[in-house]
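Asks: kindly generate the corresponding structure for this input.
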Amino acid sequence: MTTTATTSEAAEPASDIVRGSRRRAPEGTGRRLVRRWWPAAGEIVVGVLAALGFTYWGLSIGNSPITRVGQVSGLSNIQLRFALVVLVILAVVGWATVRASERVKKVTVRFAAAAVAGLSTGFIGAGNVFALRGTPWPLNGPYGDNNRILGWAEEVLHTGAMDAFYPPAVPYTIGYLAKAGLFDGEPALAFKWVFIGIVALTGPAAYLLWRMCVKPLPALALGLLPALQQTLPHKPYSPFVLVLLLPLIAKLLLWLRASPHFSTRGTVLRGGFLGLLFGLLFLVYSGWHLWSLPGVIIAVLFFYPWQTGRLRGLVFLGSSLVGFLLVAGVYLRVLLGATSTRDQWCSGYTLTEPAYIGTTPLTSRAWDEPGEYPGFGEFSGLHMYAVIVLIGLGFAVALGLRKAVVVAPLACFGSAWLIRFWLAGHMEADQQVQLFPRTMIQIQVTLTALTVLACVLVAQRLAPALKRLRSAEGPAKAAPQRFTAVGVLLAMALAGGMIGSFFSNQYLPTHPGEKLAGTLAWQAHQFRKPDGSCPKYADKGKCKPFPTRTVAEDFAEVDRMVCEYPWRKATKEGWIVLDLMTRP
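Replies: Sure thing, here's the model as predicted:
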């Protein structure tokens, strides 16, 4: 995340997408390190503070999250605050573009990009704070996946460990926060704020990891748009891991190709560092690692330094594996020992045409009426989103197949695409779903990232032509001031505000009878607070005790799994027809 080039960049063709390099005059080691790393540290601080600060600001929204008028007013207040902060950022960048030195201009753009990334997902965090105003409980209360995670957190609270093959990071974090005496020792109270924090930090985290590979403006688009596309406030750790995994894989390929130019110590440290990060993400959610693995192996073979430095490349991969196993080795062994576990969770996604990659609804109502979802798209059954990302896929491959930043999402896409059909093809014979519908999220995120990369690569190809055109107009004509950074930041900020408002609106409280995602927030308002009082916005002022548990509840297996649409009556034993949002 620095303006200076690493050796890995020497292996990449010079371009506007990869972070630039520049020879510097010799200077003291300490001063050089400070000049190199303080802007990177500033990006981290600005991104995190923007995300958490804007989320915290949501506590001051005083409108009712229950009435529709109150919901519109609350969202408008959040949007106004967001717009005013963004205007200040754009004004500073515009001033730097016209008045500041080149170095100040670059640092300003870096800080501004980090701030926009943080504010955009901080908007969704503030929307969640508003949706849960007056209740201490998390989205969906004790229902759905919360039921099991809270059960495991209770096990951690009382025994210090949990007996499950589920990724341990979230249950352990919630359990140990309660064990430390925070949140009144109640895991469910920690649950709410841990999840809101993950939502808010997704944008800056994705931006910062992409900054390890590319310049600030491409990193903003690559980190923010996929992160905003797959926002799941009731289960934010899953998309959080996915959007961070792509830049880590890209950096792995970059450093692998450049490993012959590193010292042995540098090779081991770089590999171990990436391995630790991969391991930490694996503990949060492991599915994306497993579905990406076949494609990543092929990409590694493609980028391996076969001609020179084969031993150094092996050392890099070996140190990465060691770093990964140091963090996630114990859980990996648990996961490999759980191969007999059967996933029989059937939903509307399970019944969707398997090659569909269009938009997915946030409601359970979309599957209640025949033919409503997924419906027909504008082009031969394809929705406009699918058409756009397929065009983007083609341009990204055509213009950047040799670039690690393109190969990383491409490998993850191809791997998930094939695994999806393999798992779905065995669903009837094996009588298990194996979570194959979740590959849809990985497919969408990777295709969106490739489309952004296509736009960047096309702009990069057009830039020299525009420069030559200006030169042909004669030296007397002054080159116009370029406000590229202002334009990109404005577009990304508007996207963040609009998408943030959309997802915040979807999760505002609605009665379960409406079968919308807002049911999750509505449930959180229906349980008694720790002091015995009902939340301010409990339905008709009545509420019930929040259930206590010490173990996670399992779901019974069935011998014959039959998935059907809700409008078809279940007449055979073993049919699984479950509500998507409020499964107890």
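
Asks: what about the residue nearest to Thr548 when sequence neighbours are not counted, neighbour count?
Replies: Using Cβ to Cβ, 6 or more residues apart in numbering and skipping residues adjacent in sequence, the residue nearest Thr548 is Glu154, 7.9 Å away. All C-beta spots, glycine's among them, are computed from the backbone N, C-alpha and C. By other Cβ atoms under 10 Å, 23 other residues sit near Glu154.

Asks: so Glu154 sits against Pro187, correct?
Replies: Yes. Counting by Cβ atoms under 8 Å, Glu154 touches Pro187, with 6.1 Å between them.

Asks: what is the helix or strand where Asn146 lies packed up against?
Replies: In this structure, Asn146 is located in helix 145-159 according to DSSP states H and E. Judged by 3 or more Cβ pairs under 8 Å, 6 or more residues apart in numbering; DSSP states H and E, helix 145-159 is in contact with helix 169-179, helix 187-210.

Asks: gap between the longest one and the chain center?
Replies: Read that as helix 187-210. Here helix 187-210 is found 10 Å from its chain centre; the criterion is Cα atoms, centre = their mean, to the nearest Å.

Asks: before we move on, the earlier item: for His261, see how far away the residue nearest to Thr548 is.
Replies: Counting by Cβ to Cβ, to the nearest Å, the gap from Glu154 to His261 is 51 Å.

Asks: can you list the low-confidence ranges for the protein?
Replies: 1-34, 339-340, 371-372, 470, 472-481, 549-556, 567-584 (pLDDT under 70).

Asks: what touches both of Glu154 and Pro187?
Replies: Contact criterion Cβ atoms under 8 Å, 6 or more residues apart in numbering; residues shared by Glu154 and Pro187: Gly175.

Asks: can you get me a residue count around the closest residue in space to Ala250 that isn't next to it in sequence?
Replies: Once flanking residues are discounted, Ala250 sits nearest to Ala408: 3.8 Å by Cβ to Cβ, 6+ apart. By the criterion of other Cβ under 10 Å, Ala408 has 30 neighbours.

Asks: A helix includes Ala408, no?
Replies: Yes. Counting by DSSP: H, G, I helix; E, B strand; the rest coil, Ala408 is found in a helix.

Asks: can you pull the contacts of it?
Replies: Contacts of Ala408 by Cβ under 8 Å, 6+ apart are 246-247, 249-250, 252-253, 296, 299.

Asks: so Pro39 makes contact with Thr108?
Replies: No. Using Cβ under 8 Å, Pro39 makes no contact with Thr108, being 10.0 Å away.

Asks: of those two, which one has the most company?
Replies: Just comparing Pro39 and Thr108: by other Cβ under 10 Å the higher neighbour count belongs to Thr108, 19 against 16.

Asks: so that one: helix, strand or coil?
Replies: Assignment for Thr108 (three-state DSSP): helix.

Asks: hmm, back to that, adding distance to Ala180 and secondary structure, write the contacts of Ala408 out as TSV.
Replies: Shown next, in TSV, are those (distance: Cβ to Cβ, whole Å; DSSP: H, G, I helix; E, B strand; the rest coil):
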residue	distance to Ala180	secondary structure
Leu246	33	helix
Pro247	32	helix
Ile249	34	helix
Ala250	36	helix
Leu252	35	helix
Leu253	39	helix
Val296	37	helix
Ala299	41	helix
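
Asks: which of those residues has the most neighbours?
Replies: Leu246 (29 neighbours).

Asks: and it, how far from Cys213?
Replies: Distance from Leu246 to Cys213, by Cβ to Cβ: 10 Å.

Asks: do the same with Val268
Replies: Note on Val268: its distance to Cys213, by Cβ to Cβ, is 21 Å.

Asks: among the two, which residue is more densely surrounded?
Replies: Cys213 (28 against 18).

Asks: what's the spacing between that one and Phe502?
Replies: From Cys213 to Phe502 the distance is 29 Å (Cβ to Cβ).

Asks: also Arg438?
Replies: 22 Å.

Asks: of those two, who's got more company?
Replies: Arg438 (19 against 15).

Asks: how many residues are close by Ala424?
Replies: For Ala424, using other Cβ under 10 Å, the count is 17.

Asks: now it: phi and psi?
Replies: Note on Ala424: backbone dihedrals following degrees, to the nearest 10 are phi -70, psi -30.

Asks: I'd guessed it sits against Phe436; true?
Replies: Yes. Judged on Cβ under 8 Å, Ala424 makes contact with Phe436 at a distance of 5.0 Å.

Asks: the protein: strands as residue ranges?
Replies: All strands of the chain, identified by DSSP state E, fall at 562-563, 575-576.

Asks: quick one, helices of the stretch 451-584 of the chain?
Replies: Here the stretch 451-584 of the chain has its helices, by DSSP state H, counting those that start in this stretch, at 484-506, 519-524.

Asks: ok, now how distant is Gly394 from Thr451?
Replies: 10 Å.

Asks: comparing these two, which residue is more hemmed in?
Replies: Thr451 (24 against 13).

Asks: how close does that one sit to Ala495?
Replies: 13 Å.

Asks: do the same with Tyr237
Replies: 23 Å.

Asks: who's more crowded, the two?
Replies: Tyr237 (21 against 16).

Asks: what about the residue nearest to Asp368 when sequence neighbours are not counted, how many neighbours?
Replies: With sequence-adjacent residues excluded and distances taken as Cβ to Cβ, 6+ apart, Asp368 is closest to Pro566, at 5.3 Å. If you count neighbours by other Cβ under 10 Å, Pro566 ends up with 17.
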